[in-house]
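Student: 3D, please:
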Amino acid sequence: MLNLSPPRAITFLVSLVLIGLAVASLYLRIPTIGPTVVKFRMWFFVGAYVVLALGVVSRSL
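Tutor: As a prediction, the model looks like this:
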């Protein structure tokens, strides 16, 4: 059985930034990294979930 633990603050913040960029790219024009976020928006969503899931499963993240 997996030992689940709450993710560290930095892991949660990285996940929050990734999901925030993906959602913001739906409604706003992001100046510097906007084209990259729009092009890979789905992967930003998936990446945010994976980072958060790894933070819950692993104690070191």
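
Student: which stretch of helix or strand covers L26?
Tutor: For L26, the host element (DSSP states H and E) is helix 9-27.

Student: For L4, give me its contacts.
Tutor: Contact criterion CB atoms under 8 Å, 6 or more residues apart in numbering gives V56, V57 as the residues in contact with L4. To be clear about C-beta, it is placed using only N, CA and C from the backbone, and glycine gets the same treatment.

Student: go with 10 Å
Tutor: Contacts were defined as CB atoms under 10 Å, 6 or more residues apart in numbering; by that measure L4 touches V56, V57, S58, R59.

Student: Looking at those, spot the one nearest I10.
Tutor: S58 (12.9 Å; CB to CB).

Student: if we can go back for a sec, in JSON lines, list the contacts of L4 along with neighbour count.
Tutor: What follows is the contacts of L4, written out as JSON lines (neighbours: other CB atoms under 10 Å):
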{"residue": "V56", "neighbour count": "15"}
{"residue": "V57", "neighbour count": "13"}
{"residue": "S58", "neighbour count": "15"}
{"residue": "R59", "neighbour count": "11"}
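
Student: Mean pLDDT per helix and strand in the protein: which one sits at the bottom?
Tutor: helix 34-39 (a mean of 86; mean pLDDT, DSSP states H and E).
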